[in-house]
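Asks: the following block contains a protein sequence and its predicted model.
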Amino acid sequence: MTHEKRPYRMKRRAELEARTRLQITESAVALHGTLGPAHTSISAIAEHAGVRRSTVYRHFPDETALFAACSSHWRAANPVPDLARWKVVEQPDERLRAALEELYAHYRRTERMRENILRDEASMPLITKTLSGYRRYLAAAADVLMRGRGLRGGAAKRVRAAVGHALAFTTWQSLAREQGLEDRHAADLMCRLVASAAASPEATRR
C-alpha cells in the first residue's frame, strides 16, 4: 500500500464503520418502536440491519450502550416542545392551552414508542434512567405553566396536580385513544380541569 492510499483507505473504513453503526442504531429504534425494547433481541437487530450479531457487539458491547445510542438518536429526531416558546405567553390559561396543544401533537407523533417504553420500564431498569430526563422535562413544564397564577397552599397544590395530570402522556392517550377526543378537545378539557381546580371555594390568591 502506498503512503498516499493509506489515509484514503483509513477514511473510507471510518465512514463504513460510522454507516454500520448508524444502521444498527436505526434498526434498534425501529424495533423498539414496533416490538418494544424488552422484546427486541440482538439477533433481531442484526437481521434488521443486515449485519452479524458480532458486528452489533463490536459497535455496542452491551445493552446499556446500545440503548443509550438508540435513545439519543430517537430524541434527536423527535424533540420535545421547547419550553421557551411557552414562557413568552404571559396569560397563564393561554399559556396552558398553547402548551397542551403542542405537547399533545407531539404525543400523537411519538405514541407507539412512548407506549412501548413505558410498558417495558418494569422489566428493563435501564429504561428508568432514560425516562428520568423526560420526567424532569415534565416537572420543568409544570413550573412554567404555574407561573403567574398567584396561588398558595392547598389551591396551588391542587392546580399543580391538575397541570401535572394534563401534561402526562397517559392522560393524552386516555382522552385521545380510549375516549376518542381530538387533541384540541382533549386540551380544552384539561384546561377546564385546571380552571376548576383554581376556582375551588378554598382557593385563595395572594
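Replies: Cool, got the structure. Because the structure is a prediction, the values reported are computed rather than measured.
Asks: list the contacts of stretch 57-77.
Replies: 17, 20-21, 24-26, 28-29, 32-33, 37, 42, 45, 56, 113, 126-127, 130 (C-beta atoms under 8 Å, 6 or more residues apart in numbering). To be clear about C-beta, it is placed using only N, CA and C from the backbone, and glycine gets the same treatment.
Asks: repeat that with 10 Å
Replies: Residues external to stretch 57-77 that are found in contact with it (C-beta atoms under 10 Å, 6 or more residues apart in numbering): 17-18, 20-33, 37, 40, 42, 45-46, 49, 51-52, 56, 110, 113, 117, 124, 126-127, 129-131, 133-134.
Asks: and stretch 127-143, by the same measure?
Replies: Under the contact criterion C-beta under 10 Å, 6+ apart, stretch 127-143 has outside partners 36-38, 64, 67-68, 70-72, 74-75, 80-81, 83, 86, 99-100, 103, 114, 116-122, 124, 159-169.
Asks: please pick the buried ones from the residues you listed.
Replies: 36-37, 67, 70-71, 74, 80-81, 86, 99-100, 103, 114, 116-118, 120-121, 124, 159-160, 162-164, 166-167, 169 (16 or more other C-beta atoms under 10 Å).
Asks: confirm that residue 122 sits in a helix.
Replies: Yes. With DSSP: H, G, I helix; E, B strand; the rest coil as the criterion, residue 122 is part of a helix.
Asks: surely it and residue 36 touch.
Replies: No. Counting by C-beta atoms under 10 Å, residue 122 stays clear of residue 36, with 11.7 Å between them.
Asks: from the contact counts, what lies against the helix or strand that residue 11 is a member of?
Replies: Using DSSP states H and E, residue 11 sits in helix 5-34. Packing partners of helix 5-34 (3 or more C-beta pairs under 10 Å, 6 or more residues apart in numbering; DSSP states H and E): helix 42-49, helix 53-59, helix 63-77, helix 92-120.
Asks: mind running it again at 6 Å?
Replies: helix 42-49, helix 53-59, helix 63-77 (3 or more C-beta pairs under 6 Å, 6 or more residues apart in numbering; DSSP states H and E).
Asks: can you tell which of these is closest to residue 93?
Replies: Nearest of these to residue 93, taken as C-beta to C-beta: helix 63-77 at 29.8 Å.
Asks: I'd like the next helix or strand past that closest one.
Replies: Downstream of helix 63-77 (by DSSP H and E), the next one is helix 83-87.
Asks: for that following helix, name the packing helices and strands.
Replies: Packing partners of helix 83-87 (3+ C-beta pairs under 6 Å, 6+ apart): helix 125-146.
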